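Asks: requesting a structural model of the entry that follows:
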Amino acid sequence: MRHSTSILTISACAIVAASSPVVASSNIPSAVPINYVRICDSFGRGYHYIPGTETCLKFSGYVRAEIGLKDTSNDDSEDLSFYDREIELVLDAASMTEIGMVIGRFVLNNNKNDTVSVRDAWIRIGESLLVGRERSQYDFSGGYGMYDGYYADEALNQFTFFAPLGDDIRFSLGVEDGRNREANIAQTSAGTAFSKNVSYAGMKIPDVVASLRISQAWGSAQISGAVHQIRANADAGVFEDFGFAAQAGAEFRPNRQTRFKFVAAYADGAMHYVGGNDFYEAQLSDTSTEIDETLNGWYVLAGLNQRLTKTVSLETTASFHDFVDQAEVWQLGATLFYQPTRELRIRFGAMYEGFDYDNTILGNELNDGDDDNWEVKLRVQRNF
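Replies: A predicted model of the protein is given here:
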């Protein structure tokens, strides 16, 4: 009887043991397919596919901190020492479509003023169209380093068409937001000194901007031009005129260690295009029924970037501006750039800036004489 009981017990345990995996597996939910994030190298380094789509995303940006000393000779209320910080976040979204490559970008920036601003926000459709807020197609940028010159380089709303011409040559033509290019308008009193600034009326015609650019192994070069409408909102009504600007620039790369560039520009009635947004671009009298005269200015800029070692470079820039019959402005800057890793960038630089004012146009608003500014600072930046 004992043997029968033992055999039954062993048989029951064997049956339970054999059936347990089946019972257990019936209680496990079926596996869900996992969409792993895939690298997308069609648009460059750093892009990844959004799971389940053919759109590629790229996050980038930087965190920056600065400390330094500065002196402004005409403003004793300015801080001598300063500490600044800045954060920037860039999001790019790209995909290939039936009409070609479509890329969108927006850039959020938070600076020392604790304000969050949209620096860029644009859409690029193929090689032919850009709409949104982006750097003006007129600009060729400045020199090198933290102090890259006293020049005009503006991000603004635009609607620009591009035409590739072969051999890495590209032509662009578009309209841009003229409100970002407004300078000052002055009104004389009884034909003597300027008594006040005249405000701008609302934009009627946007700025028309064209450029021709070549980019090859030796470097790049560009010529560009712009037509700018002036609209003076005077007591007697709104008076209109047109100004223009032209610019030429070239950057050369004779070897992997050296880069240098030259930029020159001239403007008449479009002073912002030569860095003169704080100066006058037109004048009229208090008895005028039209703008009496447009004012002109020009600038030249030169820069040199020389790699000294694998991780250290010297970046220098010099620029000179002549806002005719208003002021002459020059700036000289030098930056020592140390990059121990791909992401970490450390810069130490110094800058001297001089203003020589002329009362011929400025009247009594600014005194004749010189103003000298200088600054030194250390910047630590982590890119990602």
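Asks: where does pLDDT dip in the stretch 201-350 of the chain?
Replies: Of all residues in the stretch 201-350 of the chain, none has pLDDT under 70.
Asks: and if we set it to 90?
Replies: 234-237, 277-278, 284-290 (pLDDT under 90).
Asks: can you show me the strands along it?
Replies: 207-216, 219-234, 237-255, 258-268, 280-285, 293-294, 296-307, 312-323, 327-338, 344-357 (DSSP state E, counting those that start in this stretch).
Asks: tell me which of those is the most buried.
Replies: strand 280-285 (a mean of 23; mean count of other C-beta atoms under 10 Å). All C-beta spots, glycine's among them, are computed from the backbone N, C-alpha and C.
Asks: tilt between it and strand 258-268?
Replies: Between strand 280-285 and strand 258-268, the angle comes out at 10 degrees (axes from the mean of the first three to the mean of the last three C-alpha atoms, to 10 degrees).
Asks: what does strand 280-285 rub up against?
Replies: By C-beta atoms under 8 Å, 6 or more residues apart in numbering, the residues outside strand 280-285 that reach it are 183-189, 191, 194, 198, 230, 232, 234, 239, 241, 243, 267, 269-272, 290-295, 326, 361-362.
Asks: mind redoing it with 6 Å?
Replies: Applying C-beta atoms under 6 Å, 6 or more residues apart in numbering, the contact partners of strand 280-285 are 183-188, 230, 269, 271, 291-295.
Asks: make JSON lines out of the strands of the stretch 201-350 of the chain and add distance to Phe140.
Replies: Below are these laid out as JSON lines (distance: least, C-beta to C-beta, whole Å):
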{"stretch": "strand 207-216", "distance to Phe140": "8"}
{"stretch": "strand 219-234", "distance to Phe140": "5"}
{"stretch": "strand 237-255", "distance to Phe140": "4"}
{"stretch": "strand 258-268", "distance to Phe140": "5"}
{"stretch": "strand 280-285", "distance to Phe140": "21"}
{"stretch": "strand 293-294", "distance to Phe140": "23"}
{"stretch": "strand 296-307", "distance to Phe140": "9"}
{"stretch": "strand 312-323", "distance to Phe140": "13"}
{"stretch": "strand 327-338", "distance to Phe140": "17"}
{"stretch": "strand 344-357", "distance to Phe140": "21"}
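Asks: of those strands, which is nearest Gly44?
Replies: Set against Gly44 and scored by C-beta to C-beta, these come closest in strand 207-216, at 16.1 Å.
Asks: how far does that closest one sit from the chain's center?
Replies: Relative to its chain's centre, strand 207-216 lies at 17 Å (C-alpha atoms, centre = their mean, to the nearest Å).
Asks: quick one on the thing from earlier: compare the contacts of strand 280-285 and tell me which has the most neighbours.
Replies: Tallying neighbours with other C-beta atoms under 10 Å puts Met271 at the head of the contacts of strand 280-285, with 30 neighbours.
Asks: any idea how far that residue is from Ile99?
Replies: 40 Å (C-beta to C-beta, to the nearest Å).
Asks: do me a favour and get the end-to-end distance for stretch 49-60?
Replies: 15 Å (C-alpha to C-alpha, to the nearest Å).
Asks: what sits up against it?
Replies: Residues contacting stretch 49-60 (C-beta under 6 Å, 6+ apart): Asn35, Arg38, Cys40, Phe43, Gly46, Tyr47, Val90, Leu91, Asp92, Ala93, Ala94, Ser95.
Asks: want to throw the residues you listed into CSV with neighbour count and secondary structure?
Replies: Formatted as CSV, the contacts of stretch 49-60 follow (neighbours: other C-beta atoms under 10 Å; DSSP: H, G, I helix; E, B strand; the rest coil):
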residue, neighbour count, secondary structure
Asn35, 11, coil
Arg38, 12, coil
Cys40, 19, coil
Phe43, 17, coil
Gly46, 15, coil
Tyr47, 19, coil
Val90, 17, strand
Leu91, 14, strand
Asp92, 19, strand
Ala93, 17, strand
Ala94, 19, strand
Ser95, 18, strand
